[in-house]
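**Q** Sharing a sequence plus its predicted fold:
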Amino acid sequence: MKIEENSFYHIFNRGNNKGLIFFEERNYAYFLNRISTYLLPHASVICYCLMPNHFHLVVKVHHKEGFEKGIKNLFISYAKSINTAYKRVGYLFQGRYKAKQIDSEAYLLRSVVYIHQNPKAAQMVSHLEEYPHSSYRYFLKEEVSIVEKESVLAWFGGLDGFVQSHL
């Protein structure tokens, strides 16, 4: 996939053989830390959802070369730390990450909703705000997060529109 600057992308991948990529709570926080370290200097995070065996991100790329190097380092760093911590060998992720370019505002909004609805679709929670490893709950609170909260809420016409679109 060719990455273009000032474009939005849905980034996703899953565990090798559909296996886990997050084994305990601290893994989710560490993955978000790696995103902050390697991606935020080169991209904005629009939303995310980290599921036990896969993840989804929507990002807006600002610097192509930095983003491509950063995302590679994100996955290498995370996989090495997981393999070391859990005495694993081999690939953690099922191949290279996927990146689908988001080419319209409608597709962007649908992507945000789709990503946030993953835990509910998987019947892991009854209400989206119950899932702790998704950016959805940060849009509802005054907490600091890695997501571009104000921009996203504006696209949905504010917090009420954001919440209604996720029902």
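**A** Received, thanks. Please read all numbers here as calculations on a predicted model, not as lab measurements. Numbers count the residues shown, from 1 in each chain.
**Q** any idea how far residue 102 is from residue 110?
**A** Remark: distance between residue 102 and residue 110 (Cβ to Cβ, to the nearest Å) = 9 Å. Every residue, glycine included, has its C-beta placed from N, CA and C.
**Q** Residue 161 is in contact with residue 152, correct?
**A** No: using Cβ atoms under 8 Å, residue 152 is not in contact with residue 161, being 10.7 Å away.
**Q** more crowded one of these two?
**A** Taking other Cβ atoms under 10 Å, residue 152 and residue 161 do not tie; residue 152 has more neighbours (21 against 14).
**Q** Quick check: which element contains the more buried one?
**A** Using DSSP states H and E, residue 152 falls within helix 149-155.
**Q** buried sites along that helix?
**A** For helix 149-155, burial by neighbour count (16 or more other Cβ atoms under 10 Å) applies to 149, 152-153, 155.
**Q** And the contacts of the following helix or strand past that helix?
**A** Next along the chain after helix 149-155, taking DSSP H and E as the criterion, comes helix 159-165. Identification of contacts with helix 159-165 by Cβ atoms under 8 Å, 6 or more residues apart in numbering yields 109, 113, 139-140, 152-153, 156.
**Q** quick one: the strands in the chain?
**A** Here the chain has its strands, by DSSP state E, at 7-14, 43-51, 54-61, 98-102.
**Q** what's the third one in contact with?
**A** Residues external to strand 54-61 that are found in contact with it (Cβ under 8 Å, 6+ apart): 3-15, 21, 31, 35, 39, 42-49, 67, 102, 108, 111-112, 114-115, 118, 148.
**Q** if we go to 7 Å?
**A** 3, 5, 7-15, 21, 39, 42-49, 67, 102, 111-112, 115, 118 (Cβ atoms under 7 Å, 6 or more residues apart in numbering).
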